[in-house]
Structures are given as structure tokens and as C-alpha cells.
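> return a 3D structure for these sequence lines:
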Amino acid sequence: MSSAPQDPLHQLIRERMTGLPVMEHDPADGLPLQVVGFGPDEVIEATEAMVETFVTMGARVRRFEAAFASWVGCRQAVMVNSGSSANLLLWTSLVAAGRLRPGDEVLVPAVGWSTTLFPVIQAGLCAVMVDVEPRGLCMDPAAAAKAMGPRTKAAFPVHLLGATAEIEPLRELGLLVAEDACSGHGAEQGGHRAGGLGIAGAFSFFFSHHITTVEGGIVVTDDAELADCMRSMRAHGWIRERSDAAALAAAHPHVDPRFLFVTPGFNLRPTEMAAAFGLHQLPRLDGFVQRRRANHQHWCRLVQQAGLPLTVFPEQAGTVHAGFAFPMQIAADAPYTRAELLAFLEARRIATRPISGSNLARQPAFASLAATRIPHPLPVADAVHERGFFVGNSHAFGPGHGELLVRSLQEFHHG
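Numbering: from 1, shown residues only. Sure, this is the predicted structure:
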């Protein structure tokens, strides 16, 4: 029996994308920030969505939401158009759902991404900047406890570059805890996955992350009421996609239910093409995280054994490090500057970046944010700002990339 003929378009896509996704990268080609992690399966599925002409927030989005929620270990997921939008949706929905009130304070780690901080302000809340702990550069629970005031109601720890922030100590302070897990896919604490440790967790699927929908993000939660609020707020405030849409329509018979708005809202909707990518990326995620974690552990050992004036950030007991990137910090008494070292690495095709937004309180945009408070100095965040950097990690990297990195670091250090 002959097999069915292959679709000519699908065949062309497979021919044009031979060798993708990249599963084995040669360290002779350097150490980039990331490699292409998608291939023809994703593109074919996205093409099918376009050919079918239902291209925004349909059946593929719902399937991906259900699959990703299950992967994290949560009951609900709301997909959006970026990780930054996921953070914005999370905090504005917590206010709209009455879990927080405008003016309430949220503890935010000083080291994070810009859109860790901005959505808290945009939701009408006050951001209180808290220092990070030196072992993994996540929010320091002791600093958080000291930073609290009478209006402090919540915390927004970041699972930074794949490390897992401590959640339970923050909850023990009586705080509502939400998670920025945008770079924490597969990180774990106490056997539970990041994103499912607090009331809700936000993820990013940007091109350079563990898995990608090109642009895209998602919020996961076990709170059905909050999830319904997020479904309204991601799409204009209307009732579509809500589990209680019929009851809301019955309660407001004077409004056409097709355009019934019950919350404030944005347009943060995802596309079917993004979900098409996600449906094919998600089955690879466990393997991707496993490889990244192994790289992180091996590279930490190599750098530590090299005796260089560099600090690395090994996986902590009781956690799984997801290895989004490989951060390091130059010692304060090192005989060279960060700029000198990074220029050397870049010249050897080892791509580098600062650690996230470094100390966000030192960014120029911070000065224009009125609803902020810095109760104490931020010495660890300052050190990260001045001497921290990271290099890439990937499912396609292996021991040879770590050896390239350490060999280059030694060459620079010893002149």
C-alpha cells in the first residue's frame, strides 16, 4: 500500500528548513546567545492556521493553553502576545479582581527585566525595590521582610535566568506572591515547577527562550476566578472565553452579549500561528531543560576549578536550575574591568550580555516612576550592575562550549 502523497508546500518547507531545529551546535562556531530551536513542523502548523484563515485566538490557542497549564501543574492558563504582556495582565487582573487595591505595595527584586517592574506601576500599585540574595540573584527573603510597610501586600519574585526564587518565605510574610517565570521554564523548587508556586506565574516564549512562539507569553494559575478576569482583560474586557459568560450575559440583558464588557481591558491576544509553534515546541521542553541544566552544572564546575576571579551561581539544594543563561560576576578586586573582559570574549565569538536589567533602580526610566520606594541600600544588585554578565546556554550546547568558555577566560586572565 502506497502512502498518501506529501503536500507540496509541506515538502518545500522541509527542504528549505533542512537541519532545523538545531540540536547540536559546534563550539568551533563560538558560543552564541541562542540557536534556532524551531523547525519545519512549527512552520507547517502555522501555515495551516493561515490557510484555514482562522488566525487569532482559536482552537490552537486553547489546546496550547491546556497543554502548558498541565505541564506546569496548574489548572488554568491564559496565553497572550508576549511575556511582558503576561506580567501586565497578571497585575492588572489582580487589581481588577479585587485581590489588590490601587496604592498597595508590591515587593519587586532590584535585579530583573524592565517589564517585571513597569506592569506593577501600570496596574496602579507601588513597587518597593528589594535586594537579591548572592547565591542565585533572586529576591532575598530577609531583605523583603525588612522592606515591608503597612501597605505592603504582595511580592513579585523573578526566577532569574533559570534559578528558582524562594516562594514560601515570602508567603510566610503574609504576602500574595506572583511569579515572573519568563526565564524559568522547567525550574523547580521542592519538586514543584516554577510558575505554579504562587497565585499565578507569567512566562515568555520570545525567540531566545527555552521554547518559542516567536513572540508570546502565558499566565498560569489554579485560581479560576482570576483566570476568567484575565480572559476578559486580555481582549478588551469582554466576556468571550470566560467560563461564566452565560451568567454574565443573563445578568446584563440590555447589552448585546457579543459586545459585553465587564472589566477594563487591553488587546493582548495571541495568534493561532504562535500557538501552532507552541504545540510543537512543548513536547521538546523537558529535553531542552535537561540539556541546559547539565550545561549549567558542568560549566559551574569548570569555572570554579579554573581558579579565576569569577563567581558563578550553582544550582541550590532542593531546586532545579533551568539554565536559561549562564551568569557570572567578576570579583571586586579583579585586575581588569567587565568591559575589558567582555570585549575579549566577544572578539572570540562568545556573545555576552549584562545580567537582565541589572539594578533596575539605577536605570534612567526608574527616575520617572513616582510609585516606587527603595527602603534600604541594594549592595548585591549594585555588584550585579557593575560586575555581572552572562553568556548563552542552549539545548544545542554541550561540554565543548563550556571548555571554550573557560579556555577563553583563562587566556584573558593570564594574558
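> which ones are touching the most centrally placed residue in the chain?
Central residue of the chain (C-alpha atoms, centre = their mean): Cys182, 0.9 Å from the mean position. Listed by C-beta atoms under 8 Å, 6 or more residues apart in numbering, the contact partners of Cys182 are Gly83, Ala86, Asn87, Trp113, Thr116, Val158, Ala202, Phe203, Ser204, His209, Gly217. All C-beta atoms are positioned from the backbone trio N, CA, C, and that covers glycine.
> out of the residues you listed, which one sits closest to Leu369?
Set against Leu369, the nearest of the contacts of Cys182 by C-beta to C-beta is Thr116 (12.7 Å).
> please enumerate the strands of the stretch 1-150 of the chain.
Secondary structure of the stretch 1-150 of the chain, counting by DSSP state E, counting those that start in this stretch: strands at 76-80, 105-109, 126-130.
> out of those, which gets nearest to Gly190?
Among these, strand 105-109 comes nearest to Gly190, with 20.0 Å by C-beta to C-beta.
> quick one: mean pLDDT for the closest one?
Regarding strand 105-109, the rounded mean pLDDT is 98.
> three-state assignment of the residue nearest to the centre of the chain?
Three-state assignment for Cys182 (DSSP: H, G, I helix; E, B strand; the rest coil): coil.
> check Leu302 too.
With three-state DSSP as the basis, Leu302 sits in helix.
> and for Thr116, the neighbour number?
If you count neighbours by other C-beta atoms under 10 Å, Thr116 ends up with 25.
> pretty sure it contacts Asp180?
Yes: using C-beta atoms under 8 Å, Thr116 is in contact with Asp180, at 4.9 Å.
> residue contacts, the closest residue to Ala163 other than its chain neighbours?
Closest residue to Ala163 in three dimensions, ignoring its sequence neighbours and counting by C-beta to C-beta, 6 or more residues apart in numbering: Gly136, at 3.8 Å. Going by C-beta under 8 Å, 6+ apart, Gly136 touches Leu160, Ala163, Thr164, Ala165, Phe313, Gln316.
> model confidence score at Gly136, please.
Here, the pLDDT recorded for Gly136 equals 97.
> beta-bridge partners for Ile218, please?
Beta-bridge pairing for Ile218 (DSSP bridges): Met79, Phe203.
> relative to Phe324, how far out is it?
According to C-beta to C-beta, to the nearest Å, Ile218 and Phe324 sit 16 Å apart.
> please save the CA atoms from stretch 183-194 in PDB.
Output in PDB follows, covering the C-alpha atoms of stretch 183-194 (Å, rounded to 0.1, in the frame of the first residue of the first chain):
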ATOM      1  CA  SER A 183      13.100  32.800  32.000                       C
ATOM      2  CA  GLY A 184      12.200  30.000  34.400                       C
ATOM      3  CA  HIS A 185      10.700  27.300  32.200                       C
ATOM      4  CA  GLY A 186      11.300  24.000  34.000                       C
ATOM      5  CA  ALA A 187      12.900  25.500  37.100                       C
ATOM      6  CA  GLU A 188      11.700  23.700  40.200                       C
ATOM      7  CA  GLN A 189      11.600  24.200  44.000                       C
ATOM      8  CA  GLY A 190      10.600  21.400  46.300                       C
ATOM      9  CA  GLY A 191       9.500  19.200  43.400                       C
ATOM     10  CA  HIS A 192       7.100  21.800  42.000                       C
ATOM     11  CA  ARG A 193       7.600  23.800  38.800                       C
ATOM     12  CA  ALA A 194       8.200  27.500  38.700                       C
END
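> buried set for that stretch?
Buried residues in stretch 183-194, counted by 16 or more other C-beta atoms under 10 Å: Ser183, Gly184, His185, Gly186, Ala187, Glu188, Gln189, Arg193, Ala194.
> and if you look at stretch 124-142?
125-133, 136-141.
> got it, and stretch 108-125?
Applying 16+ other C-beta under 10 Å to stretch 108-125 flags 108-113, 115-121, 123, 125 as buried.
> so Val220 sits in a strand?
Yes: under three-state DSSP, Val220 falls within a strand.
> quick check: end-to-end length of stretch 197-209?
20 Å (C-alpha to C-alpha, to the nearest Å).
> and it, how far out from the chain middle?
In terms of C-alpha atoms, centre = their mean, to the nearest Å, the centre of stretch 197-209 is found 4 Å from the chain centre.
> please apply the same query to stretch 159-177.
That offset, for stretch 159-177, works out to 15 Å (C-alpha atoms, centre = their mean).
> let's see stretch 281-301 as CSV, backbone CA atoms only.
Output of stretch 281-301 as CSV, limited to C-alpha atoms (Å, rounded to 0.1, in the frame of the first residue of the first chain):
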residue,chain,number,x,y,z
GLN,A,281,7.7,23.2,20.9
LEU,A,282,6.2,22.0,24.2
PRO,A,283,6.9,18.3,23.7
ARG,A,284,10.6,19.1,23.4
LEU,A,285,10.8,21.3,26.5
ASP,A,286,11.7,18.6,29.1
GLY,A,287,14.6,17.6,26.9
PHE,A,288,15.7,21.1,26.3
VAL,A,289,15.7,21.9,30.1
GLN,A,290,17.6,18.7,30.9
ARG,A,291,20.4,19.7,28.5
ARG,A,292,20.5,23.3,29.7
ARG,A,293,20.6,22.1,33.3
ALA,A,294,23.5,19.7,32.6
ASN,A,295,25.4,22.5,30.9
HIS,A,296,24.9,24.8,33.8
GLN,A,297,26.2,22.3,36.3
HIS,A,298,29.2,21.3,34.2
TRP,A,299,30.2,24.9,33.4
CYS,A,300,29.9,25.9,37.0
ARG,A,301,32.4,23.2,37.9
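> and stretch 8-20, how far out from the chain middle?
In terms of C-alpha atoms, centre = their mean, the centre of stretch 8-20 is found 30 Å from the chain centre.
> go on, stretch 392-405?
Distance of stretch 392-405 from the chain centroid (C-alpha atoms, centre = their mean) equals 21 Å.
> give me the mean pLDDT for it.
Averaging pLDDT along stretch 392-405 yields 98.
> begin at 36, not 1, for the rest of this chat.
Sure thing, new numbering starts at 36, so read that last one as stretch 427-440.
> residues contacting that stretch, please?
Taking C-beta under 8 Å, 6+ apart as the rule, stretch 427-440 contacts 57-62, 65-70, 72, 197, 245, 319, 322-323, 326-327, 330-331, 333-334, 337-338, 358-361, 385-386, 426.
> show me how to select, in PyMOL, the buried members of these.
For the buried members of those, the matching PyMOL selection, counting by 16+ other C-beta under 10 Å, is:
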select buried, resi 57+58+60+62+65+66+67+69+70+72+197+245+319+323+326+327+330+331+334+337+338+358+359+360+361+385+426
